[in-house]
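J.: just to be clear, the model below is a prediction. Sequence and coordinates:
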Amino acid sequence: MKKEKNIRIINNIPEDFDKIEMIQRIIDAGLLDDFIKWLRDEKKLNVDNIKIDEIDHRVVFEYAYRKNIIETYTDLELGKEEEK
């Protein structure tokens, strides 16, 4: 049941999800190399010449979610409110 919930969360990410901010969080957590490896191994993406614009926002969220950088999209919204 939990796996289905996780998939539902990932598939319902809004288009305005700030993947640049999330990639920065991945970098700040020291996980950039692991993220690139995950893109190559799990998502079968050619990462040699990949551009950030070519990475689907759901893929970025899924990685951050799996690594417990965030738990839900609501966590992102709360983070933005705290910055104001």
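T.: In hand now; what should we look at? Numbers count the residues shown, from 1 in each chain.

J.: drop to CA atoms for contacts and neighbour counts, all remaining ones
T.: Noted.

J.: helices and strands of the protein: which one has the lowest mean pLDDT?
T.: Among the helical and strand segments of the chain, the one scoring lowest on mean pLDDT, DSSP states H and E is helix 73-83, with a mean of 47.

J.: poorly predicted segments of the protein, please.
T.: When the per-residue scores of the chain are filtered using pLDDT under 70, the ranges that remain are 1-12, 14-16, 71-84.

J.: rerun at 90
T.: Across the chain, the ranges flagged by pLDDT under 90 are 1-22, 43-62, 64-66, 68-84.

J.: just the helices in it please.
T.: For the chain, the helices defined by DSSP state H cover 2-11, 19-28, 32-41, 57-66, 73-83.

J.: quick one: the fourth one to helix 32-41, angle?
T.: Using axes from the mean of the first three to the mean of the last three Cα atoms, to 10 degrees, the interaxial angle of helix 57-66 with respect to helix 32-41 works out to 120 degrees.

J.: contacts only, for Asp33.
T.: Contact analysis of Asp33 by Cα atoms under 8 Å, 6 or more residues apart in numbering lists nothing.

J.: counting neighbours, what do you get for Lys51?
T.: Applying the criterion other Cα atoms under 10 Å, we find 8 residues in the vicinity of Lys51.

J.: for the one 3 residues further on, same thing?
T.: Here the number of neighbours of Glu54 (other Cα under 10 Å) works out to 7.

J.: how near is Glu62 to Ile27?
T.: Glu62 sits 15 Å away from Ile27 when distances are taken as Cα to Cα, to the nearest Å.

J.: and Asp18, by the same measure?
T.: When distance is defined by Cα to Cα, Asp18 is 15 Å away from Ile27.

J.: same question, Tyr65
T.: Tyr65 sits 14 Å away from Ile27, taking Cα to Cα as the criterion.
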